[in-house]
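Student: Okay, here's the prediction I keep looking at, along with the sequence it came from:
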Amino acid sequence: MATTVLIVDDETMTLRNLVAIVEADPELKVVATAQNGVDSIQRYREHRPEVVVMDLYLPGEFDGVEAIRRLRNLLNPPQVIATTSFDLESYTRGAFAAGAAGFILKNDAETLLTPAIHAAAEGDPLVSPQTTSRLIKSFLQPTTAPQMAQARQRIAALSPRELQVAHLIGHGKAYKHIAAELNIAPDTVKSTVTRAMQKTGADNGAQLAFLVGQARLDIDHDPETP
């Protein structure tokens, strides 16, 4: 059975292109489209797709980040992939904080959108390489003490293996690649992520990786750090 998809984008031509990309995959089915945040919630309630592809910069009452947050707060929420033309850190962080399972730049849509939808449907995050690289760099930059302290508190119960898997997700690794690197089964990776999500309150693997990155565990190795 095909994975059902809702695509949200305010630009008509872009929306058509995204629909064409997704519908070229026989294992995916676009069941609805929307062009603003309010309509995206309504279309979801009408069609209950498994995955929502959400543009972050939307006109109207609220933007794509808020739409993701509202969708993820529903009972039995869909997996959501954030899309944007702008590789801005505020968009990326906002999308992951709201509960996005993946983040795709529209320039990467032709090659990455359908793999991202399949990955999201299986609970496996996928992020555009350019965005992954920038996120990793941002994690290595100074962060505010309250953010870091809050993140550390949330991940305090994670095991070394759970932290290891979260770090690998943050470096753009898919579950199957993590499994191969750690010499464990893909199902073990998924169960590890599930346990870590339960412990931290993260909505998905991408948000878990973002949270572990915010905790800045690397600076514990800095002798000048108190």
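Tutor: Perfect, thanks for sending it.
Student: got the contact list for the closest residue to Ile7 other than its chain neighbours?
Tutor: Spatial nearest neighbour of Ile7, chain neighbours left out: Val53 (4.6 Å); criterion: Cβ to Cβ, 6 or more residues apart in numbering. From N, CA and C alone the C-beta is placed, and that goes for glycine too. Val53 sits next to 5-9, 18, 22, 80-81, 83, 113, 117 when contact means Cβ atoms under 8 Å, 6 or more residues apart in numbering.
Student: For Val53, give its distance to Asn183.
Tutor: 34 Å (Cβ to Cβ, to the nearest Å).
Student: Tell me where this structure has strands.
Tutor: Using DSSP state E, the strands of the chain run over residues 3-8, 28-34, 51-55, 79-84, 102-105, 126-127.
Student: List the strands paired with the third one, with their directions.
Tutor: With DSSP bridges as the test, strand 51-55 is paired with strand 3-8 (parallel), strand 79-84 (parallel).
Student: Which pLDDT value belongs to Ser159?
Tutor: What the model reports as pLDDT for Ser159 is 92.
Student: Ok, Gln79 next?
Tutor: 93.
Student: Next, count neighbours for the closest residue in space to it that isn't next to it in sequence.
Tutor: Sequence neighbours aside, Ala120 is the residue nearest to Gln79 in space, at 3.9 Å (criterion: Cβ to Cβ, 6+ apart). Close neighbours of Ala120, defined as other Cβ atoms under 10 Å, add up to 27.
Student: you'd agree Ala120 is up against Val51?
Tutor: Yes. With contact defined as Cβ atoms under 8 Å, Ala120 and Val51 form a contacting pair (5.1 Å).
Student: list residues touching both of the two?
Tutor: 79-81.
Student: And these, which is closest to Asp63?
Tutor: If you rank these by distance to Asp63 using Cβ to Cβ, Val80 comes first, at 13.4 Å.
Student: could you check the distance from the closest one over to Gln207?
Tutor: Per Cβ to Cβ, Val80 is found 11 Å from Gln207.
Student: shared neighbours of these two, anything?
Tutor: Common neighbours of Val80 and Gln207 (Cβ under 8 Å, 6+ apart) are 99-100.
Student: Neighbour count: the two, which is higher?
Tutor: The neighbour count for Val80 versus Gln207, taken as other Cβ under 10 Å, is higher for Val80 (28 against 24).
Student: For that one, name its beta-bridge partners.
Tutor: Listed beta-bridge partners, Val80: Val52 (assigned using DSSP bridges).
Student: OK, contacts around it?
Tutor: Val80 sits next to 51-54, 68, 71-72, 99-101, 120 when contact means Cβ under 8 Å, 6+ apart.
Student: Next: Arg48.
Tutor: 4, 78.
Student: what's the spacing between it and Asn76?
Tutor: Distance, Arg48 to Asn76, using Cβ to Cβ: 8 Å.
Student: which intervals of this protein have sub-threshold pLDDT?
Tutor: Scanning the chain with the threshold set as pLDDT under 70 gives 87-91, 125-145, 172, 218-226.
Student: Need the residues that contact the longest helix belonging to it.
Tutor: Using DSSP state H to define each element, the chain has its longest helix at helix 186-200. The contact list for helix 186-200 (Cβ under 8 Å, 6+ apart) reads 123-124, 154-155, 157-158, 161-162, 165-166, 169, 175-176, 178-179, 182, 202-205, 207-208, 211.
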